[in-house]
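**Q** Sequence first, predicted coordinates after that:
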Amino acid sequence: MSLVHGLPDKKIKRYTGISIRALKRLLSSCATSRMNSVGMSLLGMLLSQSYVGWVTQLIVDIKQRRRFIATSMLQQLRHQTWFNDVTAMGMVSSHPAACNALCKLLNGDTRDVDLAYIREHASAVLQCSTVQYLKGAQLRGAFLGEEGGSFSAFTGFFVDHHEPLQVLQTYMSRDRWSFGDLLNGHEFLILVPVPVPSSSDIDF
């Protein structure tokens, strides 16, 4: 049976860039999974893992982008019961728009994100992940103290960065980017703390 009703597995593989077997393993280890499709087109896919809420896949069909689909999918995480116990949300992605969507989930953006928080906690958070490719990711650039280095991890996924690089240039030209350059085989590492609710927001 297809992972998305009515959508062939081979089309899912083309969008995600990973095998169906690997995708099923990710699904089994995630607290939340959601795929949206219209007809034979996969609009977007979201996988996440708690208690550091790792978004392990966030993909939107290139023809459906710039319609806030990724932002909308991420916002739905707030309504999951496990989200109440999450202390931070994390993502390793090569796409700036995906990184920005995660930052917006917690009322921020890719310009004003707390880089000191990411630098301090990235290594420990990766080591605690149950997703093997995250656990084995190698921190590079700014995480190693390189001046002007990118906030990235080497994941060994050498994929086509043509479209993400175009989007990255747009973010940089508008002064909306803080994570540096995108390098081959690397992905940006985003880690955003979940605000602790004030006492007035807590029901006793």
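**A** Sure thing, it's come through.

**Q** since we're on Ala101, how many residues are nearby?
**A** Burial measure for Ala101: 27 neighbouring residues, criterion other Cβ atoms under 10 Å. Yep, even glycine has a C-beta here, placed from its N, CA and C like the rest.

**Q** From Cys99, how far out is Leu189?
**A** With the distance defined as Cβ to Cβ, to the nearest Å, Leu189 ends up 9 Å from Cys99.

**Q** Of those two, give the one with the bigger neighbour count.
**A** Just comparing Leu189 and Cys99: by other Cβ under 10 Å the higher neighbour count belongs to Cys99, 31 against 28.

**Q** and the more buried one, that's in a helix?
**A** Yes - when the secondary structure is assigned by DSSP: H, G, I helix; E, B strand; the rest coil, Cys99 falls within a helix.

**Q** need the contact list for it.
**A** With contacts defined as Cβ atoms under 8 Å, 6 or more residues apart in numbering, Cys99 is in contact with Met91, Ser93, Thr110, Phe179, Phe188, Ile190.

**Q** Tell me how many other residues surround the second one.
**A** By other Cβ under 10 Å, 21 other residues sit near Ser93.

**Q** does it have beta-bridge partners, and which?
**A** Listed by DSSP bridges, the beta-bridge partners for Ser93 are Phe188.

**Q** how far away is it from His79?
**A** Ser93 sits 23 Å away from His79, going by Cβ to Cβ.

**Q** Which parts of this structure are strands?
**A** Ranges of strands within the chain are 32-38, 41-49, 52-60, 88-93, 138-141, 151-154, 186-193, based on DSSP state E.
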